[in-house]
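J.: here you go, sequence then predicted model.
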Amino acid sequence: MSETTTTGTTMTDTPAATTSVAATPPRLDRDANRIVFDIDDLDVYYGDFHAVRGVSLDVRENEITAFIGPSGCGKSTVLRCLNRMNDLVDSARIEGTIRYHGVDLYDRKVDPVEVRRRVGMVFQKANPFPKSIYENIAFGPRISGYKGDMDELVERSLTRAALWDEVKDRLGESGLGMSGGQQQRMCIARALATNPDVLLMDEPCSALDPIATGRIEDLLQELKSEYTVVIVTHNMQQAARVSDRTAFFTAQMDSDDDRRTGMLVEFDDTENIFSNPQDERTENYVTGRFG
Ligand SMILES: Nc1ncnc2c1ncn2[C@@H]1O[C@H](COP(=O)(O)OP(=O)(O)O)[C@@H](O)[C@H]1O
Ligand SMILES: [Mg+2]
């Protein structure tokens, strides 16, 4: 994927600045399963509360990785660590390491604003700005100083989000006037407009009907040729349908606390998680016997 920005060199500069490694690491073949995120022994705290313990997993390029598990097991918390959204929560603190294309995401030289441009996010509930469809897409690129052809960027982003044909004749109308599914695809287009390489999605279909959900799932299959996707879903069928690999989390009582701490139970190819899980807790969950 081409990198068109000239402002955001922070992420790629960091290793070169601190080591003698070449500024542009050799690009490995897709078949080599290039690792986008390397999460190593991640703990997350909200104040004194130990929300997530000891999570280690890899997110690979051009794959869809699903996070599943019961409510409160830390799926959103771990997801938000991947673009430093938890920085915006005052009480949040992490231990462990997250590498993004080999760069320590929490290195103080890394600019969190640049991280969020490269690692876009789509939320549970579509959150269009109270602006026109066009302005919803153009807003992010404009504030980051995009100097190219904005009409072309808006069209390309909406096309990639499979929304262009439905809205091309009403780009000046409010983004709030669309259906829920269209709004969510607009939010995907908005995230794509800043040219990210990863899309994080936190239960993006939970407010949508099955038809709108199916359109988003089809879209994800198209997007993964160009992007890496991490999706939180409470819908196991959705994880089974769309993802390449699945991480099953659960929450267990902590010994030094009376609250439940989230942990990763099992991470594997999606097929294995659903047809041949190694951990009894995974099996109970995916077969609906979770108590
Ligand atoms: N901003 C926050 N402040 C304090 N506790 C939080 C915050 N966000 C989440 N938590 C707690 O962290 C735990 C994990 O939450 P979350 O990541 O939202 O789980 P999930 O997405 O799996 O439902 C829960 O116990 C939740 O109450
Ligand atoms: Mg959540």
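T.: Received it, and whenever you're ready, just let me know what you need. Residues are numbered from 1 along each chain as shown. Ligands and ions are numbered 1, 2, ... in the order given.
J.: what's near enough to touch the residue nearest the centre of the chain?
T.: Nearest to the geometric centre of the chain sits residue 200, at 1.2 Å (C-alpha atoms, centre = their mean). Contacts for residue 200 (C-beta atoms under 8 Å, 6 or more residues apart in numbering) come out as 79, 80, 82, 83, 119, 120, 121, 122, 229, 230, 231. For every residue, glycine as well, the C-beta is placed using N, CA and C.
J.: how about 7 Å then?
T.: Applying C-beta atoms under 7 Å, 6 or more residues apart in numbering to residue 200 gives the contacts 79, 82, 83, 119, 120, 121, 230.
J.: chain neighbours aside, what residue packs nearest to it?
T.: residue 121 (4.6 Å; C-beta to C-beta, 6 or more residues apart in numbering).
J.: how about the helix or strand harbouring residue 113: buried residues?
T.: Remark: residue 113 resides in helix 112-118, with elements defined by DSSP states H and E. By 16 or more other C-beta atoms under 10 Å, the buried positions in helix 112-118 come out as 114, 115, 116, 117, 118.
J.: for the first one, report the pLDDT, please.
T.: Per-residue confidence (pLDDT) for residue 114: 92.
J.: quick check: phi and psi at residue 35.
T.: phi -90, psi 130 (degrees, to the nearest 10).
J.: check contacts around it.
T.: Counted by C-beta under 7 Å, 6+ apart, residue 35 has contacts 58, 60.
J.: and what of residue 189?
T.: Counting by C-beta under 7 Å, 6+ apart, residue 189 has contacts 137, 157, 158, 160, 161, 163.
J.: so the first one touches residue 190, yeah?
T.: Meaning residue 137. Yes - using C-beta atoms under 7 Å, residue 137 is in contact with residue 190, at 5.6 Å.
J.: look at the two and report which has more neighbours.
T.: Comparing residue 137 with residue 190 by other C-beta atoms under 10 Å, the one with more neighbours is residue 137, at 32 against 27.
J.: list the contacts of the helix or strand where the more buried one lies.
T.: In the assignment (DSSP H and E), residue 137 maps to helix 133-143. Under the criterion C-beta under 7 Å, 6+ apart, residues 128-129, 131, 150, 153-154, 157-158, 167, 170-173, 175, 186, 189-190, 193-194 lie in contact with helix 133-143.
J.: hey, where'd the helices end up in the chain?
T.: For the chain, the helices defined by DSSP state H cover 10-18, 75-81, 112-118, 133-143, 150-160, 164-167, 180-192, 210-223, 236-242, 270-275, 280-286.
J.: just the buried residues of the fifth one, please?
T.: If you call a residue buried by 16+ other C-beta under 10 Å, then helix 150-160 has these buried ones: 153, 154, 155, 156, 157, 158, 160.
J.: can I get those residues in TSV with pLDDT?
T.: Output for the buried residues of helix 150-160, formatted as TSV (pLDDT from 0 to 100):
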residue	pLDDT
153	98
154	98
155	98
156	97
157	97
158	97
160	94
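J.: residues from the stretch 151-291 of the chain in reach of ligand 1?
T.: Residues of the stretch 151-291 of the chain lying near ligand 1 by C-beta under 6 Å from any ligand atom: residue 262.
J.: can you name the residue of the stretch 151-291 of the chain nearest to ligand 1?
T.: Ligand 1 sits closest to residue 262 of the stretch 151-291 of the chain, with a gap of 5.4 Å, by C-beta to the nearest ligand atom.
J.: now do the contacts for that residue.
T.: With C-beta under 7 Å, 6+ apart, residue 262 has these contacts: 51, 52, 73, 74, 77, 249, 251.
J.: what subset of the residues you listed is buried?
T.: Buried among the contacts of residue 262 by 16+ other C-beta under 10 Å: 51, 52, 73, 74, 77, 249, 251.
J.: filter these down to the ones in strands?
T.: 51, 52, 249, 251 (DSSP state E).
J.: what's the most distant pair in those?
T.: Farthest apart among these by C-beta to C-beta are 51 and 249. That separation is 11.1 Å.
J.: what touches both of these two?
T.: 74, 262.
J.: re earlier: list the buried residues of the helix holding residue 137.
T.: Those would be 133, 134, 135, 136, 137, 138, 140, 141, for helix 133-143 by 16+ other C-beta under 10 Å.
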